[in-house]
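> need a 3D model of the sequence below.
(2 chains)
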Amino acid sequence: MDSTGIEADVQELRVGALEDEFGLQLNRPRLGIYPLNTGICEPLLKLTHELQAEPWLATRSEYRGNNTYRFTLRQGVVFHGGRRLDADAVKFTLDHSIRVKTQYSFLSEQSVRVIDDSTVDVQPSIPNLRVVDQLVHPGYSAIAPGSDPVARPDCTGPFRFVEYVPQSHITVARNDAYWGPKAKLQRVTFRFFQDDNTRALALRAGEVDAIFDVNRATIASLEATPGIKVAASPPGSTILMYIATRGPPSYTRMADQRVRRAVAMAIDRKLLVERVLGGYAALQNTVNPPAVVGKYAAIVNAVSYDPEGARRLLDAAGWRLSAGRVRKKGAERLELVMIMQPGNVDRAVGEYIQAQLAAVGAELRIDQLDPGAFSTRVNSGTFDLDIEVPSQNDANPAFLLALRWYSRSTIASARFMPAGARFDSLVTAALTSERRDDAQRHAAEAMQVLVNDEVAAIPLAGIYRIYAMSDKVMGFDPHPSRNNQWWNTVWLAR
Amino acid sequence: MLYLAPVWLGVSILAFSLAALAPGDPAELMLLRQTGQAPTAEAVVQLREQLGLNGPLVVRYARWFGNTATGDLGTSYRTGTPVLELLASRFPYTLQLSLSALLLAIVIAIPLGAVAAVRRDSGTDHLARAVALVGASIPSFVVGYLLILLFAVTLRLLPVAGSDGWRSLILPVLTLGIGEAAALARLTRANMLEVLAEDYVRTASAKGATRFMVFVRHALRNALNPVLTLTGVRFGRLLGGAAIVETVFARPGIGKTVVDAIYDRDYPVIQGFVLFAGTVFLLANLFVDVSYPWLDPRVRLTGDVKGYRGPA
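Reported below is the predicted structural model:
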């Protein structure tokens, strides 16, 4: 119902979603679950808007010692196909996610043990008490044993799968047997639009009622369009500059901590947020959205803008400005290489950083790469700086820290970006803390080491997730994580 | 037709070597994507063996060519779908778009170019030339957005995007067709001006043929040969260049599929597409070649129009 208590006759919502990625076998997606979450499936725990884990299909999670969590399942939950949710279904789900390696949580096929009909133990293969925060990811949503999550997922969510037409749309309908409050919408159709502008035009033309991830360049025109409103979530992503602290030959300039700090001091992040990003971003010191470390976000202080200090540091590091505008150390010029993907980060952000580094005597070459070339460059460490926009899609405060800089990370790029022994011990502590509060504190301390003591990363800005929709769309609550956006509270006013 | 076989062979060599010699190892990239972890050297070698990427280039080409000859273009690394199946499922969308755009371009360009030539330096000519210049200068995606704004957002006559029914085809066809029409109109005008200055056109007028007959039968028909040749070339360009329009209008065509494959170093798809597009391009040009006699019967009689200056 709307504010006048009137509902539309037909509660069918049409959503303009991003590119159809369900057909990609390499990314092992699950139809309607990930990367686009249509609300047909649910995880054991749910990610709140404050990026915390709350009980969902599991009503209770209890640490049992020995790196093991015990989950007690909700009673009375049935899959769309009629099967009851039980411990075997949870084991099937988690084993499946392990087999297809969709997630990063140190689980193995020996990790999941059925205790009884409604109880499951989960023990990661290495110490990882954050598994309870990781299981909120929609990639861990419960699927009925025997169902095919790639073709026709049988789940427990407030909507059930109806139809999928590749490159066109996916449709879901209300699950009238849902265990919780029923969805207000009868049907939701997600239409795929790869092009940001077309997605916005489809909203203006009335072909869809709401759209995902509004392009920053089109926000103003959408806000000015009668009948359309724009909604922004709290920051869920970060424009983050990774630094190759231990790059291969030819990419060793950032090995010197003084040079890294000078780069950080040369960048006016406030101006970046206000002017380049048009205010649709937030100044942020943490590498993840601050909500995930809660009150401890305040202990993280990124390097402040100080171009004079940057010049002094570069002088001290032996990079001197004599003739010309680029500093030299002997015959070597201070030339840095930054890689980025168009479509992931605005080129304007790269050019802004280029101009700011030039002002302190560093020359920046920007290599804009397609995804294949970008992946190769990241994994071979052939860059000085790398701008990406990681998103927080689970409640683990140490997620990005453990993935990108931790010495025990198994991803290829981590060996080019070590952040030191203290950082490692803090990440280990965050991963092995039983209390979430301790994990948040350790993660925040690790971020402080990362962005201030070691300057192995520079958080440039927190990014809001922006949605636009018809004025008739009511009850929409924008989630900072796109993968965790739910539509069951939405309804259409007449 | 004899040139088709060596050219097709050349296309196949180009298709294979473009991908095989490109930087980056598809096996390593596949493993990185699948596991998110740095693959071991053994795993890379093993996967390269599975994918048939080891061994001398010539041997690999021969094997690929042999499979291709039997209709097996390999399997997409990205989706696991047989390449032929993937291309066959997407090609109809692109063919429908490209052919329709080409047809629209011809329908617009030939009258526009011809009238501009006949009324040389008149207001009509200046207007036609200005329209052609603008049409050729604006990037297709800009034309696409403008058309969407006008017909879908403002007038709400047509859908913004998609591939459901003929109405969803109109805006992409207009987008692609306008640029093509501009190029063809300029060529038609230039050829018409040349032909209108020929002696045989003056002779035909002097013999009492009506202005319309002179214009259509003697001038226009002769002016269309180079236009037809260009049309064949442009058709190949349209097939490859439809990717941007397909992305803007959310159409599941072959162009968009190939752009995605290039991003992901999906070599079987890239190789398959280059070979496939090359083949279609050759066939389109063959069609153009065999169409010449329709426009100029002397081609059929002599096999050569060189030195032909119009009817005696």
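> contacts and neighbour counts: CA atoms only from here.
OK.
> using PDB, write out every CA atom in stretch B:241-252.
Presented in PDB, the C-alpha positions along stretch B:241-252 are these (Å, rounded to 0.1, in the frame of the first residue of the first chain):
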ATOM      1  CA  GLY B 241      30.300  -3.400 -36.300                       C
ATOM      2  CA  ALA B 242      26.800  -4.100 -34.900                       C
ATOM      3  CA  ALA B 243      28.300  -4.800 -31.500                       C
ATOM      4  CA  ILE B 244      27.800  -1.300 -30.200                       C
ATOM      5  CA  VAL B 245      24.300  -1.000 -31.400                       C
ATOM      6  CA  GLU B 246      23.500  -4.400 -30.000                       C
ATOM      7  CA  THR B 247      24.900  -3.300 -26.600                       C
ATOM      8  CA  VAL B 248      22.900  -0.100 -26.600                       C
ATOM      9  CA  PHE B 249      19.700  -1.900 -27.600                       C
ATOM     10  CA  ALA B 250      20.300  -5.000 -25.400                       C
ATOM     11  CA  ARG B 251      20.100  -7.300 -28.400                       C
ATOM     12  CA  PRO B 252      21.700 -10.700 -28.000                       C
END
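> contacts for that stretch, please.
Stretch B:241-252 is contacted by residues A:167-168, A:192-195, A:197-198, B:90, B:93-94, B:98, B:140-141, B:144-145, B:160-163, B:172, B:175-176, B:253-256, B:259 when judged by CA atoms under 8 Å, 6 or more residues apart in numbering or on different chains.
> and residue 28, what pLDDT?
Picked chain A for this. Note for A:Arg28: predicted pLDDT of 55.
> chain B, not that one
pLDDT at B:Glu28 comes out at 70.
> helix or strand: which one has it?
Secondary structure from DSSP states H and E places B:Glu28 in helix B:26-35.
> elements contacting the helix or strand just after that helix?
Per DSSP H and E, the first helix or strand lying C-terminal to helix B:26-35 is helix B:41-51. Under the contact criterion of 3 or more CA pairs under 8 Å, 6 or more residues apart in numbering or on different chains; DSSP states H and E, helix B:41-51 touches helix B:26-35.
> A:Asp315: what secondary structure?
Secondary structure, DSSP: H, G, I helix; E, B strand; the rest coil: A:Asp315 is helix.
> B:Asn225 against B:Tyr292, yeah?
Yes - B:Asn225 lies in contact with B:Tyr292 (CA atoms under 8 Å); the separation is 6.9 Å.
> tell me which parts of chain A are close to chain B?
Contact residues (CA under 8 Å from any CA of the partner chain) of chain A with chain B: A:23-27, A:101, A:167-168, A:192-195, A:197-198, A:201-202, A:204-207, A:370-373, A:375-376, A:379, A:410-412.
> doesn't A:Arg113 belong to a helix?
No - assignment of A:Arg113 by three-state DSSP gives strand, placing it outside any helix.
> got the phi and psi for the closest residue to it other than its chain neighbours?
Closest residue in space to A:Arg113, ignoring its immediate chain neighbours: A:Asp121 at 5.1 Å, by CA to CA, 6 or more residues apart in numbering or on different chains. Dihedral angles of A:Asp121 (phi, psi; degrees, to the nearest 10) stand at phi -100, psi 140.
> list the beta-bridge partners for A:Asp121.
As for beta bridges, A:Asp121 partners with A:Arg70, A:Arg113 under DSSP bridges.
> can you tell me how far it is from chain B?
25 Å (CA to the nearest CA, to the nearest Å).
> how about the residue in the stretch 101-250 of chain B that chain A sits nearest to, secondary structure?
Nearest residue of the stretch 101-250 of chain B to chain A: B:Val153, at 4.2 Å (CA to the nearest CA). Here B:Val153 is recorded as helix under three-state DSSP.
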